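K.L.:
Got a predicted structure plus its sequence, pasted below:
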Amino acid sequence: QPDLRDFAWHYLHRRVTAPRTWRAESGVSVNASAISPNGFVLAVGLENGQVRIVDIHTGKVRRKFLANAAVNDVSWGAEGKNIAVASADGKVSVWNLQPSASRGFPISHEQQQSGETHLSGGRIDPQKPQLSFAAHEQDATAVILVSRLNRIISGGDNGEIRVWNATTGRSLEQFDAHQARIEELALSSDANRFASASGDGSVAVWNLDDLQQEGTWVSPADRRFLSVDFSDDDTYLAAGDSFGNLLVVNLHSRISEVTRHLDWIESVRFIGNSRIAIGDRGGSIHVWNVSRSPAGRPTLSTRADTMWTAQCDRVHSLAPVPGTTALIASSRDGSVTNWAPDYASQRTAFSTARGFAIGDDQTLLACDNKIFQYDIRERTFRSAFLTSPNRWELIAAAEESPWVVTANAKGVVSVADWLHGTEIATWNLDY
């Protein structure tokens, strides 16, 4: 049978399935990014001193703040109501983000009227930080906001780590953690420990309550560690160095494993507990699977299971989207890209869908072995639900309610609420 898909079909298909990319102004590097705890927005730190709160689905700039110098790092509080920023003038600042009906973040009247859709959009918010203080004599290179203890932990260009009261900015503790620049700090999921990666070629884990070191590991090539992260269940620690070594440590057995990558590892992030994503100097992203042997040794897949040539320059930071396998990459070339490996199966099902229905003026419903919701205006998949061992052949949506009826060749009929992704009733006609 001849392929009846013409140029228009392929053009629209590429528009639907391509990863979403937003860019800052020309020549402005994205130095840091962090996803909010609810997974709706991204905090982006730029070398021109701006911090932008961006909707990850639309790319709209929700808020824009101005720090005093180039932004080196950003960190969210546990509830997503405030962010801490470390900048190149040695200062740490904290902004309060008041909740609103718009997914927890206010949108200015000007933004509502203009409908900004670019990372460079939006006006500078006149709001001043609720807290700003000189944290280090030189660069404040890394920061984490520990809501559980009302603490801010910052790292400096000289290897010093300092602890601050997150309300008053009062200095509580300081110590020489490393012999060179603190490249990154990472907080464990239970907020009981944090890790530091340093330019002296070492990575360390610290207890948050007494600030005692729980363990330290060195680069096999005596190179700078540039990034560090905990797995979601705090079983593993991963760190990447400037020689391309990916170090993975089982924090229970203290056994480590090293795999070699071909380029500098600029950023490391766990996607859940069993996948590690790295971004390198050349702009590529690689994802490895990690498992545990009976002896407690972390075992990495022999090669990366997934690879994207993501950006045109080094991938400064990666931000996994909570509850998904999507990954947001930020680069020195000024781009922010939403990569969603879990979309691959949805795209395949969408292109082979048996039936379509319109849920409302913004939602297209397609059925295969699941029901997929596709946002017509934003050109993004929102969710998939109602999995069936047999493909759904027919689908029909109610006009004045979010109900949808599906049926397949096995005589199974189901009624579901597509708006909430829940099944209401199922019958097997058994004919």
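P.N.:
Arrived safely, thanks for sending. Just so we're clear, the structure is a prediction, and the values are computed from it rather than from any experiment.
K.L.:
Tell me how many other residues crowd Lys60.
P.N.:
By other C-beta atoms under 10 Å, the residues close to Lys60 number 24. C-betas here are computed from N, CA, C, even on glycine.
K.L.:
what's the longest strand in this protein?
P.N.:
Secondary structure of the chain per DSSP state E: the longest strand is strand 284-292.
K.L.:
That strand - what's its average pLDDT?
P.N.:
In this model, strand 284-292 carries a mean pLDDT of 84.
K.L.:
That one: what's the following helix or strand?
P.N.:
Counting by DSSP states H and E, the element after strand 284-292 in chain order, helix or strand, is strand 298-300.
K.L.:
Run me through the strand neighbours of that following strand, direction for each.
P.N.:
strand 284-292 (antiparallel) (DSSP bridges).
K.L.:
Please determine how far Val336 is located from Ala86.
P.N.:
According to C-beta to C-beta, to the nearest Å, Val336 stands 19 Å off from Ala86.
K.L.:
Have a look at those two and say which one is more surrounded.
P.N.:
Between Val336 and Ala86, counted using other C-beta under 10 Å, the more crowded position is Ala86 (33 against 25).
K.L.:
Tell me which residue lies nearest the centroid of this protein.
P.N.:
Ala319 (2.3 Å; C-alpha atoms, centre = their mean).
K.L.:
Could you tell me which residues make contact with it?
P.N.:
For Ala319, the contact set (C-beta atoms under 8 Å, 6 or more residues apart in numbering) comprises Ser33, Ala34, Ile35, Leu42, Arg269, Leu327, Ile328, Ala329, Ser330.
K.L.:
Considering these, which possesses the most neighbours?
P.N.:
Ranked by the number of neighbours (other C-beta under 10 Å), the contacts of Ala319 place Ser330 first, at 31 neighbours.
K.L.:
Am I right that that residue sits in a strand?
P.N.:
Yes. Ser330: assigned to a strand according to DSSP: H, G, I helix; E, B strand; the rest coil.
K.L.:
Run through the residues that contact it.
P.N.:
Counted by C-beta under 8 Å, 6+ apart, Ser330 has contacts Val30, Asn31, Ala32, Ser33, Val44, Val315, His316, Ser317, Leu318, Ala319, Val336.
K.L.:
The fifth one is in what secondary structure piece?
P.N.:
Using DSSP H and E, Val44 sits in strand 41-46.
K.L.:
And the next helix or strand past that strand?
P.N.:
Using DSSP H and E, the helix or strand that follows strand 41-46 in sequence is strand 50-55.
K.L.:
Just list what that next one packs against, helices and strands only.
P.N.:
If you count contacts as 3 or more C-beta pairs under 8 Å, 6 or more residues apart in numbering; DSSP states H and E, strand 50-55 packs onto strand 41-46, strand 61-66, strand 71-76.
K.L.:
Pull up the pairing partners for the strand holding Val44, direction included.
P.N.:
Sheet pairing for strand 41-46, assigned by DSSP bridges, gives strand 30-35 (antiparallel), strand 50-55 (antiparallel).
K.L.:
how many degrees apart are the first one and strand 71-76 in direction?
P.N.:
It refers to strand 30-35. 0 degrees (axes from the mean of the first three to the mean of the last three C-alpha atoms, to 10 degrees).
K.L.:
returning to what we had before: send me the longest strand of the chain as PDB with only the CA atoms.
P.N.:
The C-alpha coordinates for strand 284-292 follow below in PDB (Å, rounded to 0.1, in the frame of the first residue of the first chain):
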ATOM      1  CA  SER A 284      25.400  15.800  24.000                       C
ATOM      2  CA  ILE A 285      23.300  14.100  26.600                       C
ATOM      3  CA  HIS A 286      23.800  10.400  27.400                       C
ATOM      4  CA  VAL A 287      21.700   8.200  29.700                       C
ATOM      5  CA  TRP A 288      22.900   5.000  31.500                       C
ATOM      6  CA  ASN A 289      21.000   2.400  33.400                       C
ATOM      7  CA  VAL A 290      22.400   1.500  36.800                       C
ATOM      8  CA  SER A 291      21.600  -1.600  38.900                       C
ATOM      9  CA  ARG A 292      23.000  -3.200  42.000                       C
END
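K.L.:
Pull out the buried positions in it.
P.N.:
Residues of strand 284-292 classed as buried: Ser284, Ile285, His286, Val287, Trp288, Val290, Arg292 (neighbour count, 16 or more other C-beta atoms under 10 Å).
K.L.:
Mind telling me which of the helices and strands packed on strand 50-55 the model trusts least?
P.N.:
Between the helices and strands packed on strand 50-55, the lowest average pLDDT goes to strand 61-66, which shows a mean of 88.
K.L.:
between that strand and strand 71-76, how many degrees?
P.N.:
Using the same axes, to 10 degrees: strand 61-66 against strand 71-76 is 130 degrees.
K.L.:
pLDDT wise, what is Thr306 at?
P.N.:
For Thr306, the predicted pLDDT is 60.
K.L.:
Then the one 10 residues further on?
P.N.:
The model reports His316 with a pLDDT of 86.
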